[in-house]
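1. Model the following, please.
(chains A and B)
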Number of protein chains: 2
Amino acid sequence: MPYTYTHPRPALTVDCIIFGYDHRLDEADLKILLIERDIEPFRGKWALPGGFVRMEETLEAAAKRELREETGLSNVYLEQLYTFGTPERDPRGRVISVSYFALVNLRSEELAAGTDARSAQWFSFKDMPALAFDHKTIIETAVERLRGKVRYQPIGFELLPDKFTLTELQTLYETVLETSLDKRNFRKKIESYELLRDTGETQRGKAHRAARLYTFDHKRYKQLEKYGFLFEI
Amino acid sequence: MPYTYTHPRPALTVDCIIFGYDHRLDEADLKILLIERDIEPFRGKWALPGGFVRMEETLEAAAKRELREETGLSNVYLEQLYTFGTPERDPRGRVISVSYFALVNLRSEELAAGTDARSAQWFSFKDMPALAFDHKTIIETAVERLRGKVRYQPIGFELLPDKFTLTELQTLYETVLETSLDKRNFRKKIESYELLRDTGETQRGKAHRAARLYTFDHKRYKQLEKYGFLFEI
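-> Residues are numbered from 1 along each chain as shown, chains lettered A, B, ... in the order given. Next comes the predicted model:
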């Protein structure tokens, strides 16, 4: 090696914050995927899926690999959130963690998570168990980022079924923002973004006052992801 | 140590992207602070200020220390941008870099940068020299983030003098967004945010058609930083 350096080195991990949303109205809840640790430190405590980065893989590849190994989830679009590096955040010594987050439709993903990793489980973000390391802080940072994103970019594509009612979309916003929204204002706002397409269909199984089903206009969705909007609450 | 682990470890650095803005109209330009490397690798090449993280300091403290040591700048509010960790980004081996960025008023900071570090220099972001490592990519990521922020949050507090004209504010937006804006539309938009206070004063040294001077309404500024707005272009 032409260049040598002897700086002390921290260990490097990745952690994944996977938000899961169940769009059934009677169970609408934003959840986070946790695993039960089976090694020290924090054995028996719940933690975010994650682990050590291998020297030959990118940070994102490490996050995807750990997520798959520990929860069975794959094909998830991970976005880098923040890097946590306070010296005392890990009792084993200096460990830097690069965190990634993703949104998934909990109904279509829950089986996958259940089969591969017995210890993976969804928890409501309003009712978290005691967490290992600084994972509570990491989750709070992720929730804050998610709430920011919802107000600037369209959301729902990953979380709702292909066809959904306006009530389902409103419930998603209310769940993420933890607030209740006025139905009429919400519909006016959503309409102004020209984001939805009326499928002409109505919700099945509800003969009376069946609600219309919508899909996202994908081109417009991409546009709004790029140029943004402001969802005022 | 009750827990041992022998995972290979990467080296850890921080890099600082410091955007400097000169608000003089005839020199309006967004600049980035670079240092000339005096060691290998990339000796003689320009690079972002930065360096190795010490085991006892936080990531942010490391970024502040490196910035001060290499450029003389201090009291800069650094915000974490992104963590770069592609295996081949550093010829010395695996090096992870956590990047931080800041906005400074170039006119009030340039002397400080000049005295402490002979090799620190401001470059226009439209005219960068060849850069060490993946610093070009890091800067591109920072510029993209800055342009996103400008469209969602007020900007200018750190970059403009206390009292400024609407033309100076417009020039700032035009410089950051690299586009020209319609004067009338710009003023209408800015007015709608209720962000500015008319000082009642006018620009000195310009007897005829002297432009009004404004200040930011700090309370409103903080509000808009938190709740955002959408600056459509």
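2. Which positions in chain A make contact with chain B?
-> A:1-3, A:5, A:7-12, A:40-41, A:52-59, A:80, A:82-83, A:85-87, A:91-94, A:96, A:98, A:148, A:151-152, A:227-230, A:232 (Cβ under 8 Å from any Cβ of the partner chain). (Glycine included, C-beta is placed from N, CA and C.)
3. how close does residue A:141 sit to residue A:101?
-> Residue A:141 sits 9 Å away from residue A:101, taking Cβ to Cβ, to the nearest Å as the criterion.
4. neighbour-wise, which of those two wins?
-> For the pair residue A:141 and residue A:101, the greater number of neighbours falls to residue A:101 (27 against 17), based on other Cβ atoms under 10 Å in any protein chain shown.
5. Skip the chain neighbours and tell me the closest residue to that one.
-> With sequence-adjacent residues excluded and distances taken as Cβ to Cβ, 6 or more residues apart in numbering or on different chains, residue A:101 is closest to residue A:17, at 4.1 Å.
6. so residue A:141 sits in a helix?
-> Yes: secondary structure of residue A:141, determined by DSSP: H, G, I helix; E, B strand; the rest coil: located in a helix.
7. Make sure it is actually in contact with residue A:83.
-> No: under the criterion of Cβ atoms under 8 Å, residue A:141 lies out of contact with residue A:83, with a separation of 10.5 Å.
8. Break down chain A into its helices, ranges please.
-> A:59-71, A:106-116, A:135-152, A:166-177, A:183-192, A:218-227 (DSSP state H).
9. among the ones you listed, where is the model least confident on average?
-> Set side by side, these give their lowest mean pLDDT on helix A:106-116, at a mean of 56.
10. Identify the contacts common to residue A:141 and residue A:101.
-> Common contact partners of residue A:141 and residue A:101 (Cβ atoms under 8 Å, 6 or more residues apart in numbering or on different chains): residue A:81.
11. check contacts around the closest residue to residue A:162 other than its chain neighbours.
-> Once its chain neighbours are removed from consideration, residue A:162 has its nearest residue in residue A:215; the separation is 6.0 Å (Cβ to Cβ, 6+ apart). With contacts taken as Cβ under 8 Å, 6+ apart, residue A:215 has the following neighbours: A:162, A:163, A:164, A:196, A:197, A:199.
12. Which pLDDT value goes with the closest residue in space to residue A:151 that isn't next to it in sequence?
-> Distances taken as Cβ to Cβ, 6+ apart place residue A:231 nearest to residue A:151, at 4.6 Å, with adjacent residues excluded. On pLDDT, residue A:231 comes in at 85.
13. Verify the stated contact: residue A:231 with residue A:148.
-> No: between residue A:231 and residue A:148 no contact is recorded; they are 10.6 Å apart, counting by Cβ under 8 Å.
14. Pick out whichever of these two has more residues nearby.
-> For residue A:231 versus residue A:148, neighbours defined as other Cβ under 10 Å are more numerous around residue A:231 (20 against 13).
15. residues touching the more buried one, list them.
-> When the contact criterion is Cβ under 8 Å, 6+ apart, the partners of residue A:231 are A:150, A:151, A:152, A:173, A:189.
16. from those residues, which is closest to residue B:68?
-> residue A:152 (33.7 Å; Cβ to Cβ).
17. and the closest one, what does it touch?
-> Residues A:228, A:229, A:230, A:231, B:152, B:228, B:230 are the ones in contact with residue A:152 under the rule Cβ under 8 Å, 6+ apart.
18. roughly how far apart are it and residue B:166?
-> As for residue A:152, its distance to residue B:166 is 26 Å (criterion: Cβ to Cβ).
19. do the same with residue A:162
-> Counting by Cβ to Cβ, the gap between residue A:162 and residue B:166 amounts to 47 Å.
20. These two: which is more packed in?
-> Under the neighbour definition other Cβ under 10 Å, residue A:162 and residue B:166 were set side by side, and residue B:166 has more, 17 against 10.
21. The nearest residue to the more buried one once chain neighbours are set aside - how many residues pack around it?
-> Take residue B:166 and drop its neighbours on the chain: the residue closest to it by Cβ to Cβ, 6+ apart is residue B:187, 6.0 Å away. One way to gauge burial is a neighbour count; for residue B:187, by other Cβ under 10 Å, it gives 15.
22. what does residue A:210 give?
-> Residue A:210 has 13 neighbours, counted by other Cβ under 10 Å.
23. what does residue A:230 give?
-> Considering only other Cβ under 10 Å, residue A:230 is surrounded by 15 other residues.
24. From what I see, it and residue B:224 are in contact.
-> No: the pair residue A:230 and residue B:224 fails to qualify as a contact (Cβ under 8 Å) at a distance of 10.6 Å.
25. circling back to that earlier point, which among the contacts of residue A:152 gets closest to residue B:124?
-> Checking the contacts of residue A:152 against residue B:124 with Cβ to Cβ, the nearest one is residue B:152 at 24.8 Å.
26. Number of residues surrounding residue A:217?
-> 16.
27. Can you tell me how far it is from residue B:99?
-> Distance check for residue A:217 against residue B:99: by Cβ to Cβ, it reads 35 Å.
28. ditto for residue A:175
-> As defined by Cβ to Cβ, residue A:175 lies at a distance of 33 Å from residue B:99.
29. now residue A:224
-> When Cβ to Cβ is the yardstick, residue A:224 and residue B:99 sit 27 Å from each other.
30. neighbour-wise, which of the two wins?
-> Applying other Cβ under 10 Å to residue A:224 and residue B:99 shows that residue B:99 carries more neighbours, namely 26 against 18.
31. so the more buried one sits right up against residue B:89, yeah?
-> No: at 11.8 Å, residue B:99 does not count as touching residue B:89 under the criterion of Cβ under 8 Å.
32. Disregarding flanking residues, what is the spatial nearest neighbour of residue A:96?
-> In space, not counting the residues next to it along the chain, residue A:96 is nearest to residue A:85; the distance is 4.4 Å by Cβ to Cβ, 6+ apart.
33. contacting residues around the one you found?
-> The contact partners of residue A:85, taken as Cβ under 8 Å, 6+ apart, are A:10, A:94, A:96, A:97, B:12, B:53, B:58, B:59, B:98.
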